[in-house]
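Asker: Okay, sequence plus prediction incoming.
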Amino acid sequence: MTRSSAASPASRPVKISCRNLWKIYGTPPDRAMRPGQGPAAAEFARQLRAAGRVPALVDASFDVHEGEIFVIMGLSGSGKSTLIRCLTRLIDAEFGEVRLDGEDLLAATPKQLIDIRRHKMGMVFQNFGLMPHLSVLENVAYPLKLQGEAKPAREARARQMISLVGLDGREQALPSQLSGGQQQRVGIARSLAVEPDLWFLDEPFSALDPMIRRQMQDEFLDLQRRLHKTIVFITHDIAEACRLADRIAILRDGRIIQIGTPADLLLRPADDYVAEFTADISPASVIRVGDIARPGQEVAGARTVAGDLPVEALLTDIATGTTDFAVQPAGKYGGGGLTAARVLRILGRHGRQDDETAAG
Ligand SMILES: Nc1ncnc2c1ncn2[C@@H]1O[C@H](COP(=O)(O)OP(=O)(O)OP(=O)(O)O)[C@@H](O)[C@H]1O
């Protein structure tokens, strides 16, 4: 399900990974048990539920690569927060493995964990988590204070971060004097102050109204283009997931049912549940030209377009009679040949489970 082009995040080293991760609320299970995988894991989860326990995370496995935006998407209660808490070890998984830069995170001592969280991880939460009695400057500088950074150095760094998120001039304001979007920018600046390798964002824009939310998503993408962080982003909003993600993991009842690019989820949904989720998404805006180009099928005289263009950008050309496109690789998107007929067929078929790369 991952891309293979050289510029793809999937070709970069793995930053954080988990394997066969389980979190079970209620009476702890016997750790000597072997929960199994695939159907055996599903059966084990069923037995746990029958016994009144909550398997909030069921055999979850994935890798997040350096520089990737990996979105975990699922409805309320699907296990998103549990997963992020297990990855940061705010809670301990009963079974499975979490590795950060190849190191076993579950073997870290409490002191090492504090160090890892302070120096390697940044976190942004839905409710902003700002300290109401501290100014913007003090809030942003706070994690550096915890690191023992001297006041002039931490304030200088905090000012840089405040500027990065576009809040110059508001350094002395209290959080209550800012709008929701501005407060979240402070949360973002604060989490970036420690220069985290790994950035966790747990529904950061959910409390914002739709217009501000969209603006914040754009700003977030713009920041990421400059910072190239490794990001685990949680949302229950598929439109947000499709806008932001390199790859999306769909979580249902604690189980990951599909991991793929936004185009993968639209073109090749793993099941009806995923297809239903993506049903309201406009495929023309999510699918990029390079997602559906046929490698090695360049056509002479075709109109040249970049692989990272959304397919909707071709529709005017198609309406005015262009029939063939030569797609140039762009970033993580590949190149090849593409016909107007193929574009229209794929847009028309969106939501079905046909493998479009095999279709004509
Ligand atoms: N401390 C706990 N004790 C028992 N059950 C819990 C606990 N925390 C979460 N759960 C249960 O685990 C499951 C997953 O919860 P979790 O909070 O991870 O979901 P979520 O996808 O983050 O939901 P939301 O979007 O509403 O925050 C739910 O069934 C929830 O009721």
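Answerer: Good, I have the coordinates.
Asker: list the contacts for the residue in the stretch 201-350 of the chain that the ligand sits nearest to?
Answerer: When scored by Cβ to the nearest ligand atom, the stretch 201-350 of the chain has residue 236 as its residue closest to the ligand, at 5.3 Å. For glycine as for every other residue, the C-beta is placed from the backbone atoms N, C-alpha and C. Residues touching residue 236, when contacts are defined by Cβ atoms under 8 Å, 6 or more residues apart in numbering, comprise 73, 74, 75, 76, 80, 203, 206.
Asker: What subset of those residues is buried?
Answerer: Members of the contacts of residue 236 that pass the buried threshold by neighbour count (16 or more other Cβ atoms under 10 Å) are listed as 73, 74, 80, 203, 206.
Asker: which ones are touching residue 89?
Answerer: 98, 105, 106, 108, 113.
Asker: okay, the contacts of residue 236 in CSV with secondary structure next?
Answerer: What follows is the contacts of residue 236, written out as CSV (DSSP: H, G, I helix; E, B strand; the rest coil):
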residue, secondary structure
73, strand
74, coil
75, coil
76, coil
80, helix
203, coil
206, coil
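Asker: Can you narrow those residues down to the ones near the ligand?
Answerer: Applying Cβ under 6 Å from any ligand atom, the subset of the contacts of residue 236 adjacent to the ligand comprises 74, 76, 80.
Asker: What sits closest to residue 170 if chain neighbours are left out?
Answerer: residue 136 (5.4 Å; Cβ to Cβ, 6 or more residues apart in numbering).
Asker: can you tell me how far that neighbour sits from residue 183?
Answerer: Distance of residue 136 to residue 183, given as Cβ to Cβ, to the nearest Å: 9 Å.
Asker: Likewise for residue 131?
Answerer: Per Cβ to Cβ, residue 131 is found 12 Å from residue 183.
Asker: The residue nearest to residue 170: neighbouring residues, count only.
Answerer: Using other Cβ atoms under 10 Å, the number of residues around residue 136 comes to 26.
Asker: isn't it right up against residue 169?
Answerer: No. Here residue 136 does not reach residue 169: they are 9.9 Å apart, not a contact under Cβ atoms under 8 Å.
Asker: any chance you could map the helices in this structure?
Answerer: The residue ranges that make up the helices of the chain, judged by DSSP state H, are 39-50, 80-87, 110-119, 136-146, 151-164, 180-192, 210-227, 238-244, 262-267, 272-278, 283-286, 289-292, 315-319, 340-349.
Asker: Out of those, the one nearest residue 10 is which?
Answerer: Minimum separation from residue 10 across the helices of the chain (Cβ to Cβ) falls at helix 262-267, 11.8 Å.
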